[in-house]
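Visitor: Provided below for reference: sequence and predicted model.
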Amino acid sequence: MKRSGDKAAADSPAAASAAAGGAAPRYAIGIDLGTTHNALSWVDIAASDGEATVHGLLPLPQLTAPGTVESLPLLPSFLYLPHADELPPGELALPWAAAGTQVVGEMARRRGAATPIRLVSSAKSWLCHAGVDRRAAILPADAPPEVARVSPLEASVRYLEHLRHAWDQAHPEAPFAAQDLTVTIPASFDPAARELTVEAAKAAGCPPPTLLEEPQSALYSWIQASGGAWRKQVQPGDVILVVDVGGGTSDFSLIAVLERDGNLELHRVAVGEHILLGGDNMDLALAHVVARKLAAAPTGAVTLDAWQMRALTHACRAAKEALLADAQAPAQAIVVPSRGSKLIGGSIRTELTRDELTGTLVEGFFPQVEVSARPLSRVRAGLAQLGLPYAQDAAVTRHLAAFLARQRGAVAELEGFGAERLPADASFLHPTALLFNGGVFKSPLLSRRVLDTLNAWLAAEGAEPARQLAGADLDLAVARGAAYYGWVRRGRGVRIRGGTAFAYYIAVESAMPAVPGLEPPVQALCLAPFGMEEGSEAELPALELGLVVGEPVRFRFFASSVRRQDAVGTLLDAWAPDELLELDAISATLPPEGRSPGDMVPVRLHARVTEAGTLELEAVPRSGDERWKLEYDVRGERTGAA
Amino acid sequence: MTQSPPPSLLSRIGLAFGAFFGILGDAQLAARFVALRGGADPAAAPPPAAAPTPAPVLKQAGPDAALQLLALLQRDARLIDFAGESLAAYDDAQIGAAARLVHEGCAKVLREHFDIVPVRAEAEGARITLAAGFDAAAVKLTGNVVGQPPFSGSLSHRGWRVAEVRLPRLAEGHDARVLAPAEVEL
């Protein structure tokens, strides 16, 4: 067993002190580094025993207004870059720092709503946006030249630093840098975004983090909250679908339940692609519906300015929550406050009706579609794309249908998941259980709709309906699950297996004679097979590539979430457009070291998945034991179109 | 406090007799004597009746917490805007619309910064009995207030008590008197 040495490694003083710089960690800390919010949870390692953990959430002190510090459970993922004259000196003091020049958290969110040109938001979505240089100071994207911009990486560093300081202030006895740290990422994060997340953690003074996919983290939290009862709620043969709709992204994962040696095992068998679509889009969509209604009002059209529009979005969120909580209420009043001090005279009153809510939210984002439905247009990041590649189809259910159909064969290889689990004529993978994550699903209307839609698909193919796993903590599951995972990794509970959810390939030019006017055909060489576990290495492919010493070389790089059989060294001549997704290119420069520049060195490319969960690629020459690391090119340049 | 010299034996005999009858006849004096024997600081004992009563010390609450609360109520509930406006020019529908904002915002401020719990858990209208030594600061007696406890009456208001206050911390030099800064759009 690959993992058998883990517990010993974590417990041995040498390993612990190497990781922690002195003492063995007292806490397993989990950070949900979210698109819109961050949260930090912990498990007290010394006080926990088996599935009974001592755990909690760290209240996060942050500026909520100039000179005002409050502790809130969440740290909004916003960074505000104030003008030098904007605030009196000393107003940005935090409990651990006299004064900064940047603002993180709630005050940044509020302040930025009125001055968006100085607000950095959704840094995490930019971190995995392959169309831009993630280390370049490009945010805020629409800032005027005089604003000193920051890079998506730097923004993530700021949030992590803030969390580290908050911890150190609350726990002077257990410094953050000496604790065990897990940071969550979307399951769909590509290798470059994973590596950037680890890099951000290091730059923020964090201990070396372990990465955990968010849907898995949600499942860990559910396991932890069940206090052992989860074993009664799932059976071998179950396929759990995790539907995670966060503030800015939607993420799907499939986790199969197996029985091995009398124990239940969980295997994450598939993850979805990165969909930039979340709860914030829903509030904005509602605000636009109401704004259109105001603009067409028979008693006199009201046009809202940008400030009022933001206030309306805020009011729509509150109205939405009220309507979703009370299924009988026909409408909820909305008041857009005046900007000036004349509140009564200047406010605009309107309402959000149930029909508008159902039409926009339920039918717009969760339409009851056929399983054959597909998102209207698949988004691909292109060179010309400067903004974030938001999903063009808002229908979460259509994205879900596409995901389940693409992953039809996800469990085919697993023991006990043969033809009896999935009939040969099934058009999609049949989940048996459903776990929700994300505040959106606090509304039974929306979770019901997803469950009903899925069950209609299952019924159409003669399968049993899926059941909803109860007891999920929709807002904080990801942070809680991350800390719990840190605990589980020490050998104290059930662990979700599965390894990498992608197979990785590089493009090699095929050795065919060139045909004038045609691009030379490329083949895809598999470097890392599907399902590599953390801490494991792929074998060396037989194929050698010639690298020129001293000259940078770039490879086109691809991932596949469906090709589970390809072994290292497999050469693909052709593939379906859906099978391989092009990622950031990878590049390497071979240092001359004892060779003359310009020499051709035959190398083989070697893949390794680190303990942290990142993919490392190295070039290994035929002779000698040198290794050169290949870098992900996160500068947003592609060597060619996919 | 200046310490007077200890009394002589003769004067102590006189004092003891006086004390005997004084304690026997005066319950207040007896209580003070018991407290004194129990080790209480004589300085903390009520001053003798003959001494002039010092003026009661009324503390002045610092304005910062009040200003902070006002700033929060203005920020989240627009309370100062609302209270400062004359209602004369508006109809009830307009006032009602603004009141929704104010109500929602006030509720948010109270919820986020205070844990407010009822003083009495009983339902309003219930008959309750107050034993002797009840906390007169937490329960207000009204109406036919006569006789000795236990008092029996009907609960007309449950009362509110703050269990926890979570006011924001302020930076050194932060001017809390600015409840809401003027806004200038550039």
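Guide: Okay, I see it.
Visitor: please tell me how far B:Glu122 sits from B:Leu155.
Guide: 5 Å (C-beta to C-beta, to the nearest Å). In short, each C-beta sits where N, CA and C put it, glycine included.
Visitor: let me redo that: A:Gly228
Guide: Distance from A:Gly228 to B:Leu155, by C-beta to C-beta: 45 Å.
Visitor: who has more neighbours, these two?
Guide: B:Leu155 (18 against 13; other C-beta atoms under 10 Å in any protein chain shown).
Visitor: so that one makes contact with B:Gly125?
Guide: Yes. In this structure B:Leu155 lies within contact range of B:Gly125 using C-beta atoms under 8 Å: 6.6 Å.
Visitor: assign a three-state SS to A:Lys124, would you?
Guide: Following DSSP: H, G, I helix; E, B strand; the rest coil, the label given to A:Lys124 is helix.
Visitor: in contact with it, which residues?
Guide: Counting by C-beta atoms under 8 Å, 6 or more residues apart in numbering or on different chains, A:Lys124 touches A:Leu33, A:Gly34, A:Thr35, A:Ser77, A:Pro152, A:Ser156, A:Gly248.
Visitor: now the spatially closest residue to the third one that is not a sequence neighbour: phi and psi?
Guide: The shortest distance from A:Thr35 to any residue that is not its chain neighbour, by C-beta to C-beta, 6 or more residues apart in numbering or on different chains, is 3.3 Å, and that residue is A:Gly248. Main-chain torsions, A:Gly248, degrees, to the nearest 10: phi -130, psi -10.
Visitor: would you check that A:Gly248 makes contact with A:Leu127?
Guide: No. Between A:Gly248 and A:Leu127 there is no contact under C-beta under 8 Å: 11.8 Å.
Visitor: quick one: furthest residue from the center of chain A?
Guide: A:Thr299 (45.9 Å; C-alpha atoms, centre = their mean).
Visitor: give me the pLDDT for A:Val198.
Guide: As predicted, A:Val198 sits at a pLDDT of 95.
Visitor: should've said A:Arg194
Guide: Model confidence at A:Arg194 (pLDDT) stands at 93.
Visitor: identify the residues contacting it.
Guide: Contacts of A:Arg194 by C-beta under 8 Å, 6+ apart are A:Ile185, A:Leu211, A:Gly613, A:Thr614, A:Leu615.
Visitor: okay, and the common contacts of B:Glu122 and B:Leu155?
Guide: B:Ile128.
Visitor: residue numbers of the stretch 151-300 of chain A in contact with chain B?
Guide: On the criterion C-beta under 8 Å from any C-beta of the partner chain, chain B has no neighbours in the stretch 151-300 of chain A.
Visitor: was I right to think B:Leu130 contacts B:Ala136?
Guide: No. Taking contacts as C-beta under 8 Å, B:Leu130 lies outside contact range of B:Ala136: 9.3 Å.
Visitor: the more surrounded of the two?
Guide: Each of B:Leu130 and B:Ala136 has its neighbours counted (other C-beta under 10 Å); B:Leu130 has more, 15 against 9.
Visitor: centroid-nearest residue for chain B?
Guide: B:Ala137 (7.0 Å).
Visitor: quick check, that one in a strand?
Guide: No. Using three-state DSSP, the assignment for B:Ala137 is coil, not a strand.
Visitor: picking up where we left off before, where does the residue farthest from the centre of chain A fall, phi/psi-wise?
Guide: phi -80, psi 10.
Visitor: pLDDT value on it, please?
Guide: Checking the pLDDT column for A:Thr299, the value is 73.
Visitor: residues making contact with stretch A:82-101?
Guide: A:61-63, A:66-67, A:69, A:81, A:102-103, A:111, A:118, A:165-166, A:168-169, B:169, B:171-175.
Visitor: mind checking which of those residues are in strands?
Guide: A:Pro61, A:Gln62, A:Leu63, A:Val69, A:Val103, B:Arg169 (DSSP state E).
Visitor: in these, which has the lowest confidence score?
Guide: B:Arg169 (91).
Visitor: these two touch, right, that one and A:Glu70?
Guide: Yes. Counting by C-beta under 8 Å, B:Arg169 does reach A:Glu70; the two are 7.5 Å apart.
Visitor: for those two, indicate the residue with more neighbours.
Guide: A:Glu70 (21 against 15).
Visitor: now do the contacts for that one.
Guide: A:Pro61, A:Gln62, A:Thr64, A:Glu106, B:Arg166, B:Pro168, B:Arg169 are the contacts of A:Glu70 under C-beta under 8 Å, 6+ apart.
Visitor: for A:Arg349, see how far away the residue farthest from the centre of chain A is.
Guide: Counting by C-beta to C-beta, the gap from A:Thr299 to A:Arg349 is 11 Å.
Visitor: go on, B:Gly62?
Guide: Taken as C-beta to C-beta, the span from B:Gly62 to A:Arg349 is 39 Å.
Visitor: in chain B, what residue comes closest to chain A?
Guide: Relative to chain A, the nearest point of chain B is B:His174 (3.1 Å; C-beta to the nearest C-beta).
Visitor: so what's that residue up against?
Guide: Taking C-beta under 8 Å, 6+ apart as the test, what B:His174 contacts is A:Pro66, A:Gly67, A:Thr68, A:Gly90, A:Glu91.
Visitor: shaky segments in the chain?
Guide: If you meant another chain, say so; for now it's chain A. Residues of chain A meeting the criterion pLDDT under 70: A:1-23, A:378-386, A:418-421, A:510-520, A:636-642.
Visitor: I was after chain B.
Guide: B:1-51.
Visitor: quick check on A:Ala52: phi, psi?
Guide: phi -90, psi 100.
Visitor: what's the neighbour count on the nearest residue to it once chain neighbours are set aside?
Guide: What sits nearest to A:Ala52 in space, not counting adjacent residues and going by C-beta to C-beta, 6+ apart, is A:Gly227, at 7.3 Å. Neighbour count of A:Gly227, defined by other C-beta under 10 Å: 11.
Visitor: ok, back up a step: can you redo the contacts of A:Arg194 as TSV with neighbour count and secondary structure?
Guide: TSV is the format used below for the contacts of A:Arg194 (neighbours: other C-beta atoms under 10 Å in any protein chain shown; DSSP: H, G, I helix; E, B strand; the rest coil):
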residue	neighbour count	secondary structure
A:Ile185	24	strand
A:Leu211	22	strand
A:Gly613	25	coil
A:Thr614	21	coil
A:Leu615	23	strand
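Visitor: just the buried residues of the contacts of B:His174.
Guide: A:Pro66, A:Gly67, A:Thr68, A:Glu91 (16 or more other C-beta atoms under 10 Å in any protein chain shown).
Visitor: of those residues, which pair is most distant in space?
Guide: Checked with C-beta to C-beta, the buried ones among the contacts of B:His174 reach their widest spread between A:Thr68 and A:Glu91, with 8.6 Å between them.
Visitor: who touches both of those two?
Guide: Counting by C-beta under 8 Å, 6+ apart, the residues touching both A:Thr68 and A:Glu91 are B:Ala171, B:His174.
Visitor: ramachandran angles for the residue lying closest to A:Ile275 once chain neighbours are set aside?
Guide: Nearest non-adjacent residue to A:Ile275, counting by C-beta to C-beta, 6+ apart: A:Ser250, 4.4 Å away. Main-chain dihedrals, A:Ser250, degrees, to the nearest 10: phi -120, psi 140.
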